[in-house]
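K.L.:
the sequence and its predicted three-dimensional model are supplied below.
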Amino acid sequence: MPSQPEPLDCLFCRLAVDGDHVAREDGFVAIRDIAPLAETHLLVVPERHVQTLVVRFGEWINPCAALVTVAIVMLAWRRRRHPT
């Protein structure tokens, strides 16, 4: 069985610490993608290491709602900056 990655060995943990932060909310951080595929391309990742959301879903119901909230806030931010 592979060992659980330490937070510093985890790409997403490093991004949560060192990424180009746009927003932080309820245990999640939104960061700019380093190779965007769109004018606004953001990633929303947990601030703490999580092996998998599937195993811990019961613990993550409220934080997952927070993740969706951050995504909606970022969408509104993008629309204010770039109205159609």
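P.N.:
Yep, that arrived. Residues are numbered from 1 along each chain as shown.
K.L.:
tally of neighbours for F28?
P.N.:
If you count neighbours by other Cβ atoms under 10 Å, F28 ends up with 21. Where you see a C-beta, it was placed from the backbone N, CA and C, and this is true even at glycine.
K.L.:
surely it touches R48?
P.N.:
No. F28 is beyond contact range of R48, at 9.8 Å (criterion: Cβ atoms under 8 Å).
K.L.:
which residues of this protein fall in helices?
P.N.:
11-18, 61-81 (DSSP state H).
K.L.:
so which of these comes closest to H41?
P.N.:
Proximity to H41 (Cβ to Cβ) singles out helix 61-81 among the helices of the chain, at 9.9 Å.
K.L.:
let me know how buried V45 is, in neighbour terms.
P.N.:
By other Cβ under 10 Å, neighbour count at V45 equals 20.
K.L.:
can you give me the end-to-end span of stretch 27-46?
P.N.:
Terminal residues of stretch 27-46 lie 6 Å apart, using Cα to Cα, to the nearest Å.
K.L.:
what's the weakest-modelled helix or strand in the protein?
P.N.:
Least confident helix or strand of the chain, by mean pLDDT, DSSP states H and E, is helix 61-81 with a mean of 74.
K.L.:
contacts for that helix, please.
P.N.:
22-23, 25-28, 30, 40, 42, 44, 46, 53, 57 (Cβ atoms under 8 Å, 6 or more residues apart in numbering).
K.L.:
and those residues, which of them are buried?
P.N.:
V22, G27, F28, A30, L42, V44, P46 (16 or more other Cβ atoms under 10 Å).
K.L.:
now these as CSV including pLDDT?
P.N.:
Output for those, formatted as CSV (pLDDT from 0 to 100):
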residue, pLDDT
V22, 87
G27, 81
F28, 84
A30, 87
L42, 84
V44, 85
P46, 84
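K.L.:
any chance of those residues in CSV, with distance to M74 too?
P.N.:
Listed next are the buried ones among the contacts of helix 61-81 as CSV, based on distance: Cβ to Cβ, whole Å:
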residue, distance to M74
V22, 7
G27, 16
F28, 11
A30, 5
L42, 5
V44, 7
P46, 15
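K.L.:
which of those residues lies closest to A16?
P.N.:
P46 (6.9 Å).
K.L.:
ok, that closest one touching L15?
P.N.:
No. In this structure, P46 is not within contact of L15 by Cβ under 8 Å, at 10.4 Å.
K.L.:
all set, thanks.
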